[in-house]
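Q: 3D, please:
(chains A, B, C and D)
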There are 2 protein chains.
Amino acid sequence: MSTTGHQSDEPRAIRPTSEIDPEQISDFKGRRAIILKSALELFATHGYEATTMDQLGEHVGIRGPSIYKHFRSKQELLVEIMFHTMERLQANFADAISQSDEVTQQLKTAVEAHVRYHAHHRFEAFVGTREIYSVTEPDRSEVIDLRAQYECGFRDLIERGRLEGHFDTGSSRLASFAILDMGMGVAVWFKETGPFDAERIARYYGIMALRMLRRSA
Amino acid sequence: MSTTGHQSDEPRAIRPTSEIDPEQISDFKGRRAIILKSALELFATHGYEATTMDQLGEHVGIRGPSIYKHFRSKQELLVEIMFHTMERLQANFADAISQSDEVTQQLKTAVEAHVRYHAHHRFEAFVGTREIYSVTEPDRSEVIDLRAQYECGFRDLIERGRLEGHFDTGSSRLASFAILDMGMGVAVWFKETGPFDAERIARYYGIMALRMLRRSA
DNA sequence: CCTACCGATCGGTAGG
DNA sequence: CCTACCGATCGGTAGG
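A: Next up, the predicted model:
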């Protein structure tokens, strides 16, 4: 019935209450890492608005206000997650297309990387897409811009494949939207526990993407 | 600087401040319609948690607390939107597959209907997918169940096409996820103002879905 | 459909 | 990293 604070008897030390392997959720490193990981998990499961700083503190093993020793605001946590996610997606894409000179192979590898990320980092991807409107300006516009750039990479690849005669698309832009969106969907329903492992999904989505771009019989 | 309420001088009557054609956003009818439509618009643009009853009231042209004359709670508004959306999707699907006996044609028409709905009712679709975790139990489980049933319709169609030798899928379930997800994505980026009209997108997505399900060359 | 207002919560600050 | 607490907001109720 208290209205003035917590009644917790737990020790006050950094100690996550979650048993999920942090490396599997995120690649954040350093001091602020554990807070960022917890924030990611809570934002993903409850949503940004619905997550409170006290909840986040409890999840990490400290008091809510203590988080402000590491981050300036709740918003900073979200922005950090957003930019980190876009950086990783861009890096994965660059890496994927560098492994071949053939468009068909490049697109397949890029789609696989896209899907693999959305499976292995489903929380980042999930929060990244769902909480864009929780980001305040000017950061929001910047994130939207990064996403547009990412999409452009796929679109250019498809357009090149079309010009080289490998693909037959009604619209390279619509095709890239479709391929990207079906990959993003993986982050919503993927479960580490199966029945599909990330690698199988990535491979199959790569095949489906290529089929989509070919002339119908 | 006031902390005790609104300073608005507007008349107190039902009069939406939005200029968007309600029929284009939603098919809600009757007395509660205008509130539901406004709620849909605000939930879609700001998110459920971030939308306040006072905001909603202002958008409709009444005071916040007056909404409780029409709805029991904020939650009821969301639940109403959710179930309505699933009903419409299911109805559209049933209608689509009733127009042919051939699986290939059925699937194409069903995908077109799916995409058309996500373009024309992007707010419903958007809120329906993004705000599931804002719905409290037991309604949440029921909505998730309806979504699973909807997916099953597509999966069964694909599986039948495979058994009849029309399709060659590595997994009918993954294929249905991919097709459904790419259609849901339309609700996120579609703009009434172009450059693509809903009909063109629907047709092209229907074609891409069929290509996805065919054997690669 | 309105005003007045309650009980609770929340992000963030002060000052150790 | 903690306690104490502020200023503001929010969903919902009372009683017209």
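
Q: thought residue A:86 was touching residue A:143?
A: Yes. The pair residue A:86 / residue A:143 is scored as a contact, 6.6 Å apart, by Cβ atoms under 8 Å. For the C-beta atoms, the positions are set from N, CA and C on the backbone; glycine is no exception.

Q: The residue nearest in space to the middle of chain A: what's it in contact with?
A: Centroid-nearest residue in chain A: residue A:125, 2.0 Å away (criterion: Cα atoms, centre = their mean). Residue A:125 sits next to A:85, A:117, A:118, A:184, A:187 when contact means Cβ atoms under 8 Å, 6 or more residues apart in numbering or on different chains.

Q: Derive a PyMOL selection command for the buried subset of those residues.
A: Remark: buried members of the contacts of residue A:125, expressed as a PyMOL selection using 16 or more other Cβ atoms under 10 Å in any protein chain shown:
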select buried, chain A and resi 85+117+118+184+187
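
Q: Output the contacts of residue A:125 as CSV; include the columns pLDDT and distance to residue A:47.
A: Converted to CSV, those look like this (pLDDT from 0 to 100; distance: Cβ to Cβ, whole Å):
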residue, pLDDT, distance to residue A:47
A:85, 97, 17
A:117, 98, 22
A:118, 98, 19
A:184, 98, 17
A:187, 97, 15
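
Q: just the contacts of residue A:125 now: which is nearest DNA strand C?
A: Distances from DNA strand C to these, taken as Cβ to the nearest atom of the strand, are shortest for residue A:85 (20.5 Å).

Q: Compute the distance between the closest one and chain B, please.
A: Applying Cβ to the nearest Cβ, to the nearest Å, the value for residue A:85 to chain B is 16 Å.

Q: pretty sure that residue contacts residue A:123?
A: No. The criterion here is Cβ under 8 Å, and residue A:85 misses it with residue A:123 at 9.5 Å.

Q: Quick one: mean pLDDT over the one helix or strand residue A:128 maps to.
A: Assigned by DSSP states H and E, residue A:128 belongs to helix A:122-130. Averaged across helix A:122-130, pLDDT comes to 95.

Q: okay, that helix in CSV with CA atoms only?
A: Extracted in CSV, the C-alpha atoms of helix A:122-130 (Å, rounded to 0.1, in the frame of the first residue of the first chain):
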residue,chain,number,x,y,z
ARG,A,122,14.9,-9.7,-33.4
PHE,A,123,14.6,-7.3,-30.4
GLU,A,124,16.7,-4.6,-32.1
ALA,A,125,14.9,-5.1,-35.4
PHE,A,126,11.5,-5.2,-33.7
VAL,A,127,12.1,-2.1,-31.6
GLY,A,128,13.7,-0.4,-34.6
THR,A,129,10.7,-0.7,-36.7
ARG,A,130,7.9,-0.4,-34.1
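
Q: Run the angle between it and helix B:122-130 for me.
A: 160 degrees (axes from the mean of the first three to the mean of the last three Cα atoms, to 10 degrees).

Q: Tell me the helix or strand right after helix A:122-130.
A: Where DSSP H and E defines the elements, the next helix or strand beyond helix A:122-130 is helix A:139-163.

Q: Skip ahead from that following helix and say which helix or strand is next.
A: Note on helix A:139-163: by DSSP H and E, the next helix or strand toward the C-terminus is helix A:172-189.

Q: Can you give the distance from that following helix to the centre of its chain?
A: On the basis of Cα atoms, centre = their mean, to the nearest Å, helix A:172-189 sits 13 Å off its chain's mean C-alpha point.

Q: Could the C-alpha coordinates of stretch A:98-116 be exported in PDB?
A: Output of stretch A:98-116 as PDB, limited to C-alpha atoms (Å, rounded to 0.1, in the frame of the first residue of the first chain):
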ATOM      1  CA  SER A  98      31.300  -7.500 -51.400                       C
ATOM      2  CA  GLN A  99      31.500 -11.200 -51.600                       C
ATOM      3  CA  SER A 100      30.500 -11.500 -55.300                       C
ATOM      4  CA  ASP A 101      30.400  -9.500 -58.500                       C
ATOM      5  CA  GLU A 102      27.300 -11.200 -59.900                       C
ATOM      6  CA  VAL A 103      24.000  -9.400 -59.100                       C
ATOM      7  CA  THR A 104      22.000 -12.500 -58.600                       C
ATOM      8  CA  GLN A 105      24.400 -13.900 -56.000                       C
ATOM      9  CA  GLN A 106      24.800 -10.500 -54.400                       C
ATOM     10  CA  LEU A 107      21.100 -10.100 -53.900                       C
ATOM     11  CA  LYS A 108      20.700 -13.600 -52.500                       C
ATOM     12  CA  THR A 109      23.500 -13.000 -50.000                       C
ATOM     13  CA  ALA A 110      22.200  -9.600 -49.000                       C
ATOM     14  CA  VAL A 111      18.700 -11.000 -48.400                       C
ATOM     15  CA  GLU A 112      20.200 -13.800 -46.400                       C
ATOM     16  CA  ALA A 113      22.100 -11.300 -44.200                       C
ATOM     17  CA  HIS A 114      19.000  -9.200 -43.800                       C
ATOM     18  CA  VAL A 115      16.900 -12.200 -42.600                       C
ATOM     19  CA  ARG A 116      19.700 -13.500 -40.400                       C
END
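
Q: Please see if it touches chain B.
A: No. Using Cβ under 8 Å from any Cβ of the partner chain, stretch A:98-116 stays clear of chain B, with a minimum separation of 9.7 Å.

Q: List the neighbours of that stretch that are in contact with it.
A: For stretch A:98-116, using Cβ under 8 Å, 6+ apart, the contacting residues are A:89, A:92-93, A:95-97, A:153-154, A:157-158, A:160-161, A:164, A:166-167, A:179-180, A:183, A:186, A:198-199, A:201-203, A:205-207, A:209-210, A:213.

Q: Apply 6 Å and report the result again.
A: The contact list for stretch A:98-116, computed with Cβ atoms under 6 Å, 6 or more residues apart in numbering or on different chains, reads A:92-93, A:96-97, A:157, A:160-161, A:164, A:166, A:183, A:186, A:198, A:201-202, A:205-206, A:209-210.

Q: buried set for it?
A: With the criterion 16+ other Cβ under 10 Å, stretch A:98-116 contains buried residues A:103-104, A:106-116.

Q: any idea how far that stretch is from the chain center?
A: In this view, stretch A:98-116 has its centroid 19 Å away from the chain centroid, taken as Cα atoms, centre = their mean.

Q: model confidence over it, on average?
A: Mean per-residue pLDDT for stretch A:98-116: 97.
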